[in-house]
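Engineer: Sharing a model that was predicted from the sequence below.
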Amino acid sequence: MEIATVKDSDLEIYITKIMLDIGVPAHLKGYQYLRDAILLSGRDMEVVGSVTKLLYPTVARHFRTTDQKVERAIRNAIEVSWVRGNTDTFENMFGYSQASGKNRPTNSEYIARIADKVRLDIKSM
């Protein structure tokens, strides 16, 4: 199955499950921004190559805020999930976790890895 044929609502549900499994708290503003960024990246991986020029401004327009606030909120959500999240899920998805002593992934690494997982999982259905 191709990702282009999947409805946005179905993708959002799938992305939400992954984010909750990783440990991104749903009450954070960055949670919504991150989910939207992953959805956009899953549809078009090119936006991950230009997060400051394409991805953050697109998410910011959708939520009627600034791209700086989007970037900061996403970074905070990733940091919180990195510190408090599911270590096993991080190990499986990224190959490392906080327990292994490595630094957290960057915003673009985090978004790209989850978007790639979503794309691969959809193709294997």
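Structural biologist: Received it, and whenever you're ready, just let me know what you need.
Engineer: List the contacts of the spatially closest residue to residue 88 that is not a sequence neighbour.
Structural biologist: Of all residues not flanking residue 88 in the chain, residue 97 sits nearest, at 8.0 Å (C-beta to C-beta, 6 or more residues apart in numbering). To be clear about C-beta, it is placed using only N, CA and C from the backbone, and glycine gets the same treatment. Listed by C-beta atoms under 8 Å, 6 or more residues apart in numbering, the contact set of residue 97 reads 82, 87-88, 90-91.
Engineer: What separation is there between residue 97 and residue 117?
Structural biologist: Between residue 97 and residue 117 the distance is 16 Å, computed by C-beta to C-beta, to the nearest Å.
Engineer: Kindly report the same for residue 95.
Structural biologist: Applying C-beta to C-beta to residue 95 and residue 117 gives a distance of 12 Å.
Engineer: still on that earlier bit, how much space between the residue nearest to residue 88 and residue 69?
Structural biologist: 28 Å.
Engineer: Please enumerate residues in contact with the one helix or strand in the chain whose mean pLDDT sits lowest?
Structural biologist: Least confident helix or strand, the chain: helix 87-94 with a mean of 88, by mean pLDDT, DSSP states H and E. For helix 87-94, the surrounding residues in contact (C-beta under 8 Å, 6+ apart) are 21-23, 82, 96-100, 105, 109, 113-114, 117.
Engineer: With stretch 47-64 instead?
Structural biologist: 32-33, 36-37, 40-41, 46, 66-71, 107-108, 111-112, 115.
Engineer: First-to-last residue distance for it?
Structural biologist: This stretch, stretch 47-64, spans 19 Å end to end (C-alpha to C-alpha, to the nearest Å).
Engineer: For the protein, just list every one of the helices.
Structural biologist: Per DSSP state H, the chain carries helices over the ranges 8-22, 29-43, 56-63, 67-84, 87-94, 107-123.
Engineer: would you put the C-alpha positions of the fourth one in PDB?
Structural biologist: So the one you mean is helix 67-84. Coordinates of each C-alpha in helix 67-84 appear next as PDB, following Å, rounded to 0.1, in the frame of the first residue of the first chain:
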ATOM      1  CA  ASP A  67       8.000  28.800  13.300                       C
ATOM      2  CA  GLN A  68      10.300  29.600  16.200                       C
ATOM      3  CA  LYS A  69       7.600  28.500  18.700                       C
ATOM      4  CA  VAL A  70       7.000  25.400  16.700                       C
ATOM      5  CA  GLU A  71      10.800  24.500  16.700                       C
ATOM      6  CA  ARG A  72      11.100  25.100  20.400                       C
ATOM      7  CA  ALA A  73       7.900  23.200  21.300                       C
ATOM      8  CA  ILE A  74       9.000  20.200  19.200                       C
ATOM      9  CA  ARG A  75      12.500  20.300  20.800                       C
ATOM     10  CA  ASN A  76      10.900  20.300  24.300                       C
ATOM     11  CA  ALA A  77       8.600  17.400  23.400                       C
ATOM     12  CA  ILE A  78      11.500  15.400  22.100                       C
ATOM     13  CA  GLU A  79      13.600  16.200  25.200                       C
ATOM     14  CA  VAL A  80      10.900  15.100  27.500                       C
ATOM     15  CA  SER A  81      10.300  11.900  25.700                       C
ATOM     16  CA  TRP A  82      14.100  11.300  25.600                       C
ATOM     17  CA  VAL A  83      14.400  11.700  29.300                       C
ATOM     18  CA  ARG A  84      11.100  10.000  30.500                       C
END
